[in-house]
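Trainee: Need coordinates for the following:
(2 chains)
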Amino acid sequence: MAMTATAGHAHADPHHIGVIIEHPGPASKRIVTAYGFWVFLLSDIVMFSCFFAAYAVLVGQTAGGPKGAEIFEQKNVAIETVCLLLSSFTCGMASIAADVRNRFWFYLGMTVTCVLGLIFLVIEFREFADLVARGYGPSRSAFLTAFFSLVGCHGLHVSAGVLWLLTMMAQVFAKGFRADVLRRMMCFALFWHALDIIWVGVFSVVYLLGSAV
Amino acid sequence: MLGKLDWSAIPFDQPIPLAAGAVVLVAILAVLAWVVVKGHLPYLWSEWITSVDHKRIGVMYVLLASVMLLRGGSDAIMMRIQQAVAYQSQGYLPPEHYNQIFSAHGTIMIFFVAMPFVIGLMNLIVPLQLGVRDVAFPTLNSVGFWLTATGALLVNISLVVGEFARTGWLAFPPLSELSYSPGVGVDYYAWSLQISGVGTLVAGINLVTTVLKLRTRGMNYLRMPMFCWTTLASNLLIVAAFPILTATLAMLLLDRYLGFHFFTNEAGGNVMMFMNLIWAWGHPEVYILVLPAFGIFSEVVSTFSGKALFGYRSMVLATMAICVISFMVWLHHFFTMGAGPDVNAIFGIASMIIAVPTGVKIYNWLFTMYGGRIRFATPMLWAVGFMVTFIVGGLTGVLLAVPPADFMLHNSMFLVAHFHNVIIGGVLFGAFAGFEYWFPKAFGFRLDERWGKAGFWFTFLGFFITFVPLYIAGMLGMTRRMQHYDVAAWRPWMIVAAIGMAVLTIGVICQIVQLVVSIRNREALRDRTGDPWDGRSLEWATSSPPPAFNFAFNPDVRGEDAYWDMKARAQQQSLEREEPEYHDIEMPRNSPTGFVCAFFATVMGFALIWHIWWMVILGGLGAFATFVVFAWRDHDEYVIPADEVAAIDRINLEERRKLVSMAGAA
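Mentor: Modelled structure (predicted):
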């Protein structure tokens, strides 16, 4: 098919090299939506990379305040990491349940994802509150500024994710597995997994490498 | 209750901003009153404000840019007059006010003139050139536009309520930190850019997805019109660069609002990090603006030379090369800030290398004209004027890319002249070329050629009379942003520049007159065929203005210059085509989401600037509620029945048959 197309229009496209695969026309809504959301996620990752860069620049600037090694609690971070990675798995289960239109497993998967996300947020909030209480708030030093901003920015994204998750559950409850609801669910799942990837970065750069400084 | 806001925010002691603000306010109220009294409000609401049609949104973007061009232009006039009179005197502007004017001028011209102008043209034309019905995310498109409008509104509010930044258009710390700029000026700057930046980002995502995923049948990448390619490159840059701006401004705001230490002098903050971050966005931004203009010139030059674009593939390659290299040169904006000779050398060389693909483009345009049948219509004048002007700007740019030369010239009027040379000569000329070229497509009638040409010549000459003296003053050692000066040698050049500004202003007035005259004579200037310039790409294949659905069918593309090709084939086949079978078309439904979102964003932005926290929360809740309501709606599309499509399309086809048979007879 492609070969005949090439032969047929060879005169119309004088520059062509080899076989031209004719473009079939606009993509489906599902593909367009997911593609656009991917582009958004990439831009969001660029934004995070600025905060990562700021952290890398400022990590040694403690201004007489505490260093990373003195304030990071590896046990907390380990629990947070396990929660978030597990929640990505349960989010995946919920996505599969949505694809096969199984309400029970969908609600279960989303609920567990939500609970794990909330546990993550509570641990992070307690870590922040504890640091502030000890006088190590973000305005103590440039290092703490960068730490609170990067980790807090991820935390804000998780919070937004939890709000979105609840909205998705409500939408499935009210409207069922309609095509547009499924598209939104797909975007939500992409978002949640992306947060996981960013957390792996946070975990490595902030807590592991940052402890060594 | 009202945070930092009280009566002292209104500058009763400064007559100029107060008078200007009063005039603007009266104008806005008069327009609103006229709209309400004449009963146009329902029409405006349902056809424009809530519209998700990419063409309407594109037109509104261009309108916003044009209005803001007048505002930014007034600032420019004030600065030129000040520098002409401020020799051994204070001039007529107090330093405080002058500093606000140059900061506002830069901010407005880049963010609220150049950006909306090119985004508007891309919005209007790219889906038409790709042969599709709309952009990828129509409602998001409307949100993006209205958020940009919010940013523009906040900047204008700062004219009367409070003050604008006095820090220059990039708000460098530590000057922009709370300790050195305790007023609300920097907050106005940062929040208006933050909000409009979100709008720009969604526009970028939308157009990238549109170009990559929504092309009509047969529209392979190497058959896309050049404007689509430059749109793709420019929007890829938006997606990659604007998040950097968002992050940088967020850091600055955290410093100012919560006492963080990203860029402060105390507690280990790092000012150079701001320079790196802001220019890692700021340099690609230059190309975000100029690449679409390059696309416009490609379309215009090829159409008015009656030839296919010379070296199409090298043009594509040059575009994408610029897209990539533009991210590798940011450091040339601070050669003098102590990065060291090795770093400076590398970035100097990278900055010179980017001139290569740009040179390729210039040659391609010249070779497109070579041997062509050139028609010097107004868009073509802008294109040729651009080539002359831009080469001068490019050459001075290469001079500045040499670090030792830059040590002499940085922060001088030479630099000011250079970037106005490329941005006016590149972006603004491109915007005007696109405006003149696509106006008949958007509104169904052509613009008056005589006034258009007068507008071009006055602007073109005015530009050189204004900026050549600035190059010279820079060579004579005049630094930029001077409120007043004592060096006699600079004086004559400042006076010549002010005269140039007057000539430029006449150019702008000519263009306004052109618009008025053309609207009056619109019946005589009517474009019935949809193809007034004998165009080559698909936007000319539909009627002017295009129907809501753009095309009754997805056009079938067989090669480059899709519509030229179709016209040629139609002549060969002597037009004996059967009536096609029409189908129902689903189009996205109008939505007030964008407008309502922007309303809450304005409330929230204003409240944040003045620390009115309850209002911030209210605005935030409102925005979230808007989002949920939008997500909850059930019917987001309406159907245009097949017979209506057929009726609209038949008129267009009939006019087109006449056109082709006339061309065939001739």
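Trainee: Show the contacting residues for the closest residue to chain A within chain B.
Mentor: Taking Cβ to the nearest Cβ, chain A has its nearest neighbour within chain B at B:Gly268, 2.8 Å off. Every C-beta, even on glycine, is put in place using the N, C-alpha and C of the backbone. Contacts for B:Gly268 (Cβ atoms under 8 Å, 6 or more residues apart in numbering or on different chains) come out as A:58, A:61-63, A:141-143, B:261.
Trainee: And A:Gly68, by the same measure?
Mentor: By Cβ under 8 Å, 6+ apart, the neighbours of A:Gly68 are A:59, A:143, A:147, A:206-207, A:210-213.
Trainee: re the thing from before, the residue of chain B closest to chain A - that's part of a helix, no?
Mentor: No. Counting by DSSP: H, G, I helix; E, B strand; the rest coil, one finds B:Gly268 to be coil, located in no helix.
Trainee: Chain neighbours aside, what residue packs nearest to it?
Mentor: Among residues not flanking B:Gly268 along the chain, A:Gln61 sits closest, at 2.8 Å (Cβ to Cβ, 6 or more residues apart in numbering or on different chains).
Trainee: Longest helix of chain A, counting residues only.
Mentor: What stands out as the longest helix in chain A, according to DSSP state H, is helix A:142-175.
Trainee: Point out the other helices and strands that that helix packs with.
Mentor: Helices and strands touching helix A:142-175, by 3 or more Cβ pairs under 8 Å, 6 or more residues apart in numbering or on different chains; DSSP states H and E, are helix A:29-58, helix A:103-133, helix A:179-202, helix B:226-258, helix B:613-632.
Trainee: try 6 Å
Mentor: Counting by 3 or more Cβ pairs under 6 Å, 6 or more residues apart in numbering or on different chains; DSSP states H and E, the packing neighbours recorded for helix A:142-175 are helix A:29-58, helix A:103-133, helix A:179-202.
Trainee: the inter-axis angle of it versus helix A:179-202?
Mentor: Note on geometry: by axes from the mean of the first three to the mean of the last three Cα atoms, to 10 degrees, helix A:142-175 and helix A:179-202 are set 160 degrees apart in direction.
Trainee: May I see the buried residues of helix A:142-175?
Mentor: Under the neighbour-count criterion of 16 or more other Cβ atoms under 10 Å in any protein chain shown, helix A:142-175 has A:142-155, A:157-158, A:161-162, A:164-165, A:167-169, A:171-172 buried.
Trainee: Could you find the closest non-adjacent residue to B:Val184?
Mentor: Nearest-residue entry for B:Val184: B:Gly162, 4.5 Å, with adjacent residues in sequence omitted and distances by Cβ to Cβ, 6+ apart.
Trainee: Surely the residue nearest to B:Gly268 is in a strand?
Mentor: No. A:Gln61 sits outside any strand when classified using three-state DSSP, being coil.
Trainee: pLDDT at the residue of chain B closest to chain A, what is it?
Mentor: If you check B:Gly268, the pLDDT there is 89.
Trainee: so how far is B:Met337 from the residue lying closest to A:Ala194 once chain neighbours are set aside?
Mentor: Excluding the flanking residues, the one nearest A:Ala194 by Cβ to Cβ, 6+ apart is A:Leu41, at 4.8 Å. Separation of A:Leu41 from B:Met337 (Cβ to Cβ, to the nearest Å): 34 Å.
Trainee: Those two: who's more crowded?
Mentor: A:Leu41 (18 against 13; other Cβ atoms under 10 Å in any protein chain shown).
Trainee: Verify the stated contact: the more buried one with A:Leu195.
Mentor: No. With contacts defined as Cβ atoms under 6 Å, A:Leu41 does not count as touching A:Leu195, sitting 9.7 Å away.
Trainee: one step back: give the PyMOL command for selecting the buried subset of the contacts of B:Gly268.
Mentor: The buried subset of the contacts of B:Gly268, as determined by 16+ other Cβ under 10 Å, is captured in PyMOL by this line:
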select buried, (chain A and resi 58+61+62+141+142+143) or (chain B and resi 261)
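Trainee: and the nearest residue to B:Gly474 once chain neighbours are set aside, how many neighbours?
Mentor: Among residues not flanking B:Gly474 along the chain, B:Phe414 sits closest, at 2.7 Å (Cβ to Cβ, 6+ apart). B:Phe414: 26 surrounding residues under other Cβ under 10 Å.
Trainee: which stretch of helix or strand covers B:Phe414?
Mentor: Element membership for B:Phe414, per DSSP states H and E: helix B:413-422.
Trainee: Turn the helices and strands packed on helix A:142-175 into a markdown table, including distance to B:Pro592 and mean pLDDT.
Mentor: Below are the helices and strands packed on helix A:142-175 laid out as a markdown table (distance: least, Cβ to Cβ, whole Å; pLDDT from 0 to 100):
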| stretch | distance to B:Pro592 | mean pLDDT |
| --- | --- | --- |
| helix A:29-58 | 22 | 93 |
| helix A:103-133 | 30 | 93 |
| helix A:179-202 | 19 | 92 |
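Trainee: Save these as JSON lines, and put in distance to B:Asn99 too.
Mentor: What follows is the helices and strands packed on helix A:142-175, written out as JSON lines (distance: least, Cβ to Cβ, whole Å):
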{"stretch": "helix A:29-58", "distance to B:Asn99": "28"}
{"stretch": "helix A:103-133", "distance to B:Asn99": "37"}
{"stretch": "helix A:179-202", "distance to B:Asn99": "40"}
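Trainee: closest to B:Val118 out of those helices?
Mentor: Closest to B:Val118 of the helices and strands packed on helix A:142-175 is helix A:29-58 (Cβ to Cβ; 18.7 Å).
Trainee: What are the buried residues along the closest one?
Mentor: Here helix A:29-58 shows A:32-37, A:39-44, A:46-48, A:50-58 as buried, counting by 16+ other Cβ under 10 Å.
Trainee: and if you look at stretch B:299-318?
Mentor: B:299-305, B:307-312, B:314-316, B:318.
Trainee: Inside strands: which ones of these?
Mentor: Nothing among these maps onto strands, per DSSP state E.
Trainee: Please identify the next secondary structure element, helix or strand, after the helix holding B:Phe414.
Mentor: helix B:429-443.
Trainee: What lies in contact with that following helix?
Mentor: Contact with helix B:429-443 is made by B:59, B:117, B:121, B:125, B:293, B:296, B:300, B:378-379, B:382-383, B:385-386, B:446-447, B:452, B:527, B:532, B:539, B:544-545, as judged by Cβ atoms under 6 Å, 6 or more residues apart in numbering or on different chains.
Trainee: Of these, just the buried ones, PyMOL syntax please.
Mentor: Only the buried entries of the contacts of helix B:429-443 go into this PyMOL selection, using 16+ other Cβ under 10 Å:
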select buried, chain B and resi 59+117+121+125+293+296+300+378+379+382+383+385+386+446+447+452+527+532+539+544+545
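Trainee: Now, the contacts of helix B:429-443 that are in helices?
Mentor: Per DSSP H, these map to helices at B:59, B:117, B:121, B:125, B:293, B:296, B:300, B:378-379, B:382-383, B:385-386, B:452.
Trainee: And those residues, which two are furthest apart?
Mentor: Farthest pair in those, by Cβ to Cβ: B:Val59 and B:Gly385, 24.7 Å.
Trainee: Count the neighbours of B:Ser158 for me.
Mentor: The burial count for B:Ser158: 24, using other Cβ under 10 Å.
Trainee: how about the helix or strand in which it is found against chain A, any contact?
Mentor: Assessed by DSSP H and E, B:Ser158 sits inside helix B:138-160. No. Against chain A, helix B:138-160 shows no contacts by Cβ under 6 Å from any Cβ of the partner chain, the least distance being 8.3 Å.
Trainee: contact partners of that helix?
Mentor: Helix B:138-160 is touched from outside by B:17, B:21, B:52, B:57, B:60-61, B:64, B:68, B:112, B:116, B:135, B:164, B:188, B:192, B:195-196, B:198-199, B:202-203, B:206, B:588, B:591, B:593-595, B:597-598, B:601-602, B:605, with contacts defined as Cβ under 6 Å, 6+ apart.
Trainee: Appreciated, that's everything.
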